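1. sequence first, then the predicted structure, then my questions.
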Amino acid sequence: MTTRQGIGETLKDAIRDAARWYAVLNAPDVTPADQRGWQQWLADAPEHRLAWREVERVQDSLQRVPGRLAAPALQRATLTRRQVLTRLGMVAVAAPVGALTWQLAPWERWRAQYVTGIGEQRKLVLADGSQLMLNTDTRVDTDYNPRHRLIRLHDGEILVQSAPDPRRPSRPLLVDTPEGRIQALGTRFTVRRDAGQTRVTVLADTVRVTSANHPDGRLVQQGEEIRFTAGDLPPTRPAPAGAASWAGGKLMVVDMPLRELLAELGRYRRGLLACSDAVAGLRVSGTFPLADTDRALSVITEAFPLRQRRLTDYWVTLLPV
């Protein structure tokens, strides 16, 4: 009993901290030091990243609540943005944490046209013949009109195989995230969005990435990736090996630190997957099944001097033997 209570308190503390960071980052007086502090906090522990994802979802949900439901909140608009976001954090803290993830309200799913749950993948063929694959825990809308072919990625990850537009004049194929816009230039690419960052990996041909602060954008070529925020569009870098291996139901990694590997596998299962600091830097290479993350964990513990500690099915930690 004491152990489970401790787990709950750890998550509650992380969610409270995440709500405070959200308020700081969205305040008009946010500083570069604030942003660096948030990035350090995010990297410190896997439960911080889990908590940040959930608080982001709460905020995104409340921004898109249907008008009649949103009216009572809007009538109290005299609150400052910081106060609103702080109160938002308290809403998140009040949510149950037993399963470590939760459905916030019915409109959470209504507002997305295409959705996958944790561990689920889905293939689609769009109206123009373009192919779209949704990875785990992903929410997407599409907007095809005479001006453009638009895919909106709210959260998660997609693989896009663009097709020539059957209409004339041809319309651009675009992917929008809260951080910016990706324009396909006859190409195949992935887009991943989480923790206030968008990652684009180009598998074939070229895309152009733009953001509000960088309207001229940047070209990303085959074999390159870029990770950007609304305020920062850095240079491209070589894409990691196996960047789109998830589309084949496997996670392929080369020389990846164990902590990062567990964070990736954790996207495909409910709960918290972590390791002790003593083994966090262990470098791992291999291919792991995404449909059976328990099997992936067994492969890792068989290959390395590691053991699993399971407090529940939702809380698994790898420790040195």
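-> Great, that's in hand. In this text, all values refer to a predicted model and were calculated from it rather than measured experimentally.
2. when you work out contacts or count neighbours from here on, use the C-alpha atoms and nothing else.
-> OK.
3. what separation do you get for residue 288 and residue 34?
-> Per C-alpha to C-alpha, to the nearest Å, residue 288 is found 37 Å from residue 34.
4. hmm, I typed the wrong one, I wanted residue 226.
-> Separation of residue 226 from residue 34 (C-alpha to C-alpha) stands at 23 Å.
5. so which residue is dead centre in this structure?
-> Note on the chain: the residue nearest the mean C-alpha position is residue 194, at 2.7 Å, using C-alpha atoms, centre = their mean.
6. give me the beta-bridge partners of that residue?
-> Assessed by DSSP bridges, residue 194 has beta-bridge partners residue 197.
7. enumerate every residue touching it.
-> Residue 194 makes contacts with 53, 155-156, as judged by C-alpha atoms under 8 Å, 6 or more residues apart in numbering.
8. rewinding a little: neighbour-wise, which of residue 226 and residue 34 wins?
-> The neighbour count for residue 226 versus residue 34, taken as other C-alpha atoms under 10 Å, is higher for residue 226 (22 against 14).
9. per-residue pLDDT, the closest residue to the more buried one other than its chain neighbours?
-> Spatial nearest neighbour of residue 226, chain neighbours left out: residue 236 (4.8 Å); criterion: C-alpha to C-alpha, 6 or more residues apart in numbering. You'll see residue 236 listed with a pLDDT of 97.
10. likewise for residue 302?
-> Residue 302 is assigned a pLDDT of 93 by the prediction.
11. picking that back up, show me the contacts of residue 194 that map onto helices.
-> Among the contacts of residue 194, the members falling in helices (DSSP state H) are residue 53.
12. most surrounded residue in the contacts of residue 194?
-> Using other C-alpha under 10 Å as the neighbour test, those are led by residue 155, with 25 neighbours.
13. in this structure that one contacts residue 135, no?
-> No - with contact defined as C-alpha atoms under 8 Å, residue 155 does not reach residue 135; the gap is 10.1 Å.
14. number of residues surrounding residue 145?
-> By other C-alpha under 10 Å, the residues close to residue 145 number 9.
15. residues in contact with it?
-> If a contact means C-alpha under 8 Å, 6+ apart, then residue 145 has no contacts.
16. state the distance from it to residue 128.
-> Taking C-alpha to C-alpha, one finds residue 145 at 11 Å from residue 128.
17. output the lowest mean pLDDT helix or strand found in the protein.
-> For the chain, using mean pLDDT, DSSP states H and E, the weakest element among its helices and strands is helix 67-74, scoring a mean of 36.
18. returning to that earlier point: hmm, the residue nearest to residue 226 is touching residue 228, no?
-> No - when contacts are counted by C-alpha under 8 Å, residue 236 is not listed as touching residue 228 (9.7 Å).
19. the two: which is more packed in?
-> residue 228 (22 against 18).
20. okay, and the beta partners of that one?
-> Beta-bridge partners for residue 228, by DSSP bridges, are residue 198.
21. what about it, distance to residue 257?
-> Here residue 228 is placed at a distance of 22 Å from residue 257 (C-alpha to C-alpha).
22. one more: residue 14?
-> 23 Å.
23. in terms of pLDDT, where does the residue in the chain sticking out farthest from the centre sit?
-> Residue farthest from the centre of the chain, counting by C-alpha atoms, centre = their mean, is residue 168 at 35.2 Å. Residue 168 carries a pLDDT score of 92 in this model.
24. quick check: it vs residue 184, distance?
-> For residue 168, the distance to residue 184 equals 17 Å [C-alpha to C-alpha].
25. can you check residue 158 too?
-> Taking C-alpha to C-alpha, one finds residue 158 at 13 Å from residue 184.
26. and if you look at residue 301?
-> 41 Å.
27. out of these two, which sits in the more crowded spot?
-> Taking neighbours as other C-alpha under 10 Å, residue 301 and residue 184 compare with residue 184 leading, 22 against 17.
28. which residues does the more buried one contact?
-> So residue 184 contacts 162, 172-174, 206-208 (C-alpha under 8 Å, 6+ apart).
29. apply 10 Å and report the result again.
-> Listed by C-alpha atoms under 10 Å, 6 or more residues apart in numbering, the contact set of residue 184 reads 160-163, 172-175, 202, 205-209.
30. just the closest of those residues to residue 313, please.
-> Proximity of the contacts of residue 184 to residue 313 (C-alpha to C-alpha) peaks at residue 160, which lies at 33.5 Å.
31. go ahead and confirm that closest one touches residue 183.
-> No - counting by C-alpha atoms under 10 Å, residue 160 does not reach residue 183; the two are 11.1 Å apart.
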